[in-house]
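*Asks:* quick one, what's the 3D model for this:
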Amino acid sequence: MEQKKPMKLLPLGVRDYVRMRERNYYFVDKTKYISILENTSDFIFFTRPRRFGKSLFVSMLKEYYDIHAQDRYEMEFKDTWIFNNPTQERGQYQIMFFNFSRIDADFDKLEQILNEYCCNVIEDFADEYAEYYSEGAISRMKKTDSAIQKLNVLTMEAARKRYKLYMIVDEYDNFTNSILATKGKTEFEEITSGTSFYRALLKVFKDAATRSLLVGVSPVTLDDLSSGPNNYTNITADSDFNMALGFSQDDVEAMIRYYQEQGKITRSVESIIEEIKPWYDNYCFAKAKYGVDPMIFNSDMVLYYISNLIKTGASPDDMLDRNTRTDYAKMKQIIELDQHYGTSISTIKKIVEQGYIYASIEPSFPAEDIIKPEIFPSLLYYCGMLTIGGSAGDMIKLVIPNRNVMVQYYQYVLEHYQSINHLDIGWLRDSIMGAAVRGDWRTLLEELARKYKEGTSVRDESAGEKGVQIFMDACLHFSRLYIVKPEVEMNHGFCDIFLFGDTFKFPDVKHSYIIELKYLKTDATDAEAERQWQEAVEQVKRYGADEDVQKLTAATTLHLIAMQMKGAELLRLEEIS
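*Replies:* All right, here's what the predicted structure looks like:
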């Protein structure tokens with residue numbers, strides 16, 4: 001009787017390809033991109049947002065090309081695409097691999113820290129490939145404390161002996177982005193421009209390598225370091241590599257089916273996809289090829305969800321992995337660049353108001369250009385806070401990809417409002433619960449209207465209906481009880497706020513809401529107010545009759561609420577039968 005194969009482990013947090021294969025982790029095969037990458041250029045630059053699998057991808061490349069890994073090839077690549085379609089370059093390189101996420105972004109000691117780390121990597125490289133280098137070269141390399149000099153000694157001998165060197169730098173911009181966000185443009189330029197140590201180091205990487213791959217989050221550092229586009233082929237927005245990282249829907253469905261077959265998941269594939277798609281999907285980094293679904297799931301977030309599903313039999317209470325807090329901290333630093341350098345019209349404000357922005361995606365730009373309104377959306381795209389959602393003429397429509405990112409935007413907005421006018425978070429949590437469980441919507445909405453009125457600075461920055469709606473959305477996103485959908489299309493119109501309870505995870509939620517929000521200028525007449533009110537009543541009734549709304553709220557009582565503001569004053573608030 002054939003022995004049943006052990007179940008594959010879920011690779012949550014696994015970044016090392018060798019560990020992935022040797023420990024029998026579930027592997028989403030991306031090996032076909034090895035061949036495509038190899039035939040693109042010898043010097044590649046590639047960016048993706050955090051938590052998309054960059055480190056695992058470069059670890060895979062390291063193992064595939066390493067001349068010392070040839071005897072492990074079958075064990076580590078069997079049952080993959082590349083195993084049946086190997087390239088001529090397989091196992092032909094000495095690999096020098098740097099991971100700059102290990103560099104502490106201490107500006108005052110940065111050169112020392114970076115030099116010491118690189119020295120350790122280079123000496124480890126010399127030990128790994130010692131049989132290829134003369135004793136004299138090894139001796140000269142060990143005598144110097146300069147990473148650049150160590151590298152020069154080894155690479156000069158490698159060039160003379162015609163060895164193939166593959167330089168891989170993972171997270172090349174990790175510490176530089178931190179310095180840009182925390183210290184500023186002047187300090188950033190000091191470590192990336194002119195005769196800086198890092199600039200000189202990357203120049204040696206480029207000059208010495210047969211092949212070189214730089215991977216990071218954005219092109220900002222590369223542009224300042226080396227006029228990036230002239231030295232590296234940037235494949236970030238190349239449609240051939242759109243799906244190289246992250247998971248396609250087919251990948252996710254196959255993973256779910258595998259763990260169903262193992263008896264670890266009992267829910268249907270369709271129900272799981274329906275739940276996770278609005279949270280983790282809809283990333284797109286390149287214009288799609290004809291007939292190809294361009295949308296990508298965030299791989300780490302999918303693994304977080306499936307891990308919880310396997311352990312508990314249910315989806316996680318919080319659809320956002322707690323590690324997302326780190327993502328939010330990074331995003332907040334980037335947003336504050338926009339605030340700190342004072343663009344005349346906040347790009348962030350415009351994006352939150354509209355949910356999208358039209359822009360060109362710049363393939364590279366120096367740090368000094370980040371604050372320009374025409375450039376800043378590109379930075380948000382590279383960081384995964386905006387993604388390709390269409391086009392108009394020669395402009396790209398960049399949209400907020402999913403609820404994961406939307407929640408982080410609103411978290412920032414709520415913190416911004418909090419800095420202007422304190423809002424009791426404990427009260428907010430309790431009031432949203434009161435609306436969800438007991439149907440006490442009036443207490444919540446009246447108090448939010450009062451808080452909006454008190455925040456004079458908030459009104460100055462966010463005047464009009466959109467300003468009120470953004471404030472409401474930010475507050476209502478605070479709770480996990482509701483899925484908050486602003487500007488949802490219903491019955492040939494767009495409702496302002498749709499709150500429907502996540503009753504699958506929170507069965508105590510008994511009440512859902514459609515809120516139609518109307519705004520009047522302070523000089524509006526009573527007749528204008530009445531006409532607008534009747535319009536709100538008709539709209540909210542029409543939205544409530546939408547078939548999709550009825551299905552989504554079937555397990556709850558649906559309340560149709562009309563809310564009218566005049567300036568900063570709450571003029572009228574009623575439930576419409």
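
*Asks:* and Leu558, helix, strand or coil?
*Replies:* Secondary structure assignment for Leu558 (DSSP: H, G, I helix; E, B strand; the rest coil): strand.

*Asks:* I'd assumed Gly544 was in contact with it.
*Replies:* Yes: here Leu558 reaches Gly544: they are 6.2 Å apart, a contact under C-beta atoms under 8 Å. The C-beta positions use only the backbone N, C-alpha and C, and glycine is treated the same way.

*Asks:* overlap in contacts, the two.
*Replies:* Ile514 (C-beta atoms under 8 Å, 6 or more residues apart in numbering).

*Asks:* so what's the residue nearest the centre of the chain closest to, chain neighbours aside?
*Replies:* Centroid check for the chain by C-alpha atoms, centre = their mean gives Gly384 as the closest residue, at 3.7 Å. With sequence-adjacent residues excluded and distances taken as C-beta to C-beta, 6 or more residues apart in numbering, Gly384 is closest to Pro49, at 2.7 Å.

*Asks:* quick check: that neighbour touching Cys383?
*Replies:* Yes: counting by C-beta under 8 Å, Pro49 does reach Cys383; the two are 5.5 Å apart.

*Asks:* joint contacts of these two?
*Replies:* Val217.

*Asks:* what's the first helix or strand after the least confident helix or strand in the chain by mean pLDDT?
*Replies:* Scoring the helices and strands of the chain by mean pLDDT, DSSP states H and E places helix 456-461 at the bottom, with a mean of 49. Per DSSP states H and E, the first helix or strand lying C-terminal to helix 456-461 is helix 464-476.

*Asks:* show me what that following helix packs onto, helices and strands only.
*Replies:* On a contact count with 3 or more C-beta pairs under 8 Å, 6 or more residues apart in numbering; DSSP states H and E, helix 464-476 meets helix 347-354, helix 403-420, helix 441-454, helix 456-461, strand 482-490, strand 493-501, strand 511-520.

*Asks:* average pLDDT across the longest one?
*Replies:* Averaging pLDDT along helix 403-420 yields 80.

*Asks:* helix or strand next in line after it, which one?
*Replies:* Next along the chain from helix 403-420, counting by DSSP H and E, comes helix 425-433.

*Asks:* picking up where we left off before, can you add distance to Tyr258 and give the helices and strands packed on helix 464-476 back as JSON lines?
*Replies:* Supplementary listing: the helices and strands packed on helix 464-476 in JSON lines, determined by distance: least, C-beta to C-beta, whole Å:
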{"stretch": "helix 347-354", "distance to Tyr258": "38"}
{"stretch": "helix 403-420", "distance to Tyr258": "24"}
{"stretch": "helix 441-454", "distance to Tyr258": "44"}
{"stretch": "helix 456-461", "distance to Tyr258": "49"}
{"stretch": "strand 482-490", "distance to Tyr258": "28"}
{"stretch": "strand 493-501", "distance to Tyr258": "32"}
{"stretch": "strand 511-520", "distance to Tyr258": "35"}
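
*Asks:* which among the ones you listed is found nearest to Tyr73?
*Replies:* helix 403-420 (37.3 Å; C-beta to C-beta).

*Asks:* so which bits of the closest one are buried?
*Replies:* Across helix 403-420, burial judged by 16 or more other C-beta atoms under 10 Å covers 403-414, 416-417.

*Asks:* okay, the residues you listed in CSV with distance to Gly216 next?
*Replies:* Listed next are the buried residues of helix 403-420 as CSV, based on distance: C-beta to C-beta, whole Å:
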residue, distance to Gly216
Arg403, 26
Asn404, 21
Val405, 19
Met406, 25
Val407, 25
Gln408, 20
Tyr409, 23
Tyr410, 27
Gln411, 25
Tyr412, 23
Val413, 28
Leu414, 30
His416, 28
Tyr417, 33
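
*Asks:* widest-spaced pair of those residues?
*Replies:* That would be Asn404 and Tyr417, which, of the buried residues of helix 403-420, are the farthest apart (C-beta to C-beta) at 21.2 Å.

*Asks:* circling back: now the residue nearest to the centre of the chain: which helix or strand?
*Replies:* Judged by DSSP H and E, Gly384 forms part of no helix or strand.

*Asks:* per-residue confidence for it?
*Replies:* 89.

*Asks:* same check, this time on the one 4 residues further on
*Replies:* At Ile388, the model reports a pLDDT of 92.

*Asks:* how about the nearest residue to it, chain neighbours excluded?
*Replies:* Cys284 (4.3 Å).

*Asks:* same question for Thr80.
*Replies:* Using C-beta to C-beta, 6+ apart, the closest residue to Thr80 is Thr31 (4.4 Å).

*Asks:* list the contacts for the one you found?
*Replies:* Thr31 neighbours (C-beta under 8 Å, 6+ apart): 60, 64, 77, 80-83.

*Asks:* run the last query once more with 7 Å
*Replies:* Neighbour list for Thr31: 60, 77, 80-82 [criterion: C-beta atoms under 7 Å, 6 or more residues apart in numbering].

*Asks:* what residues sit buried inside the helix or strand where Lys203 lies?
*Replies:* Using DSSP H and E, the element containing Lys203 is helix 197-208. Neighbour counts using 16+ other C-beta under 10 Å place 197-199, 201-202, 204-205, 208 of helix 197-208 among the buried residues.

*Asks:* ok, those residues vs Thr176, which is closest?
*Replies:* The closest of those, once distances to Thr176 are taken by C-beta to C-beta, is Tyr198, at 7.4 Å.

*Asks:* now do the closest one, the pLDDT please.
*Replies:* At Tyr198, pLDDT is 85.

*Asks:* that one contacts Tyr117, correct?
*Replies:* No: contact criterion C-beta atoms under 7 Å: Tyr198 and Tyr117 do not qualify, at 11.6 Å.

*Asks:* and Asp66, bridged to which residues?
*Replies:* Beta-bridge partners for Asp66, by DSSP bridges, are Tyr93.

*Asks:* what residues are up against it?
*Replies:* 91, 93, 95.

*Asks:* roughly how far apart are it and Met156?
*Replies:* Distance of Asp66 to Met156, computed by C-beta to C-beta, to the nearest Å: 22 Å.

*Asks:* likewise Arg199?
*Replies:* 20 Å.

*Asks:* likewise for Asp42?
*Replies:* 19 Å.

*Asks:* now do the domain split for the chain, please.
*Replies:* 17-236, 249-312, 324-403, 422-575 (automatic domain parsing).

*Asks:* looking at the ones you listed, which has the lowest confidence?
*Replies:* domain 324-403 - the lowest mean pLDDT of the domains of the chain, at a mean of 75.

*Asks:* chain center to that domain: distance?
*Replies:* Offset of domain 324-403 from its chain centre (C-alpha atoms, centre = their mean, to the nearest Å): 12 Å.

*Asks:* show me where the stretch 1-150 of the chain has its strands.
*Replies:* Counting by DSSP state E, counting those that start in this stretch, the stretch 1-150 of the chain has these strands, from start to end: 43-47, 94-99.

*Asks:* and Leu110, how many neighbours?
*Replies:* Residues contacting Leu110 under the criterion other C-beta atoms under 10 Å number 21.

*Asks:* in what helix or strand does the residue nearest to it when sequence neighbours are not counted lie?
*Replies:* Distance criterion C-beta to C-beta, 6+ apart; nearest residue to Leu110, sequence neighbours excluded, is Ile191 at 6.1 Å. Assigned by DSSP H and E, Ile191 falls within helix 185-192.
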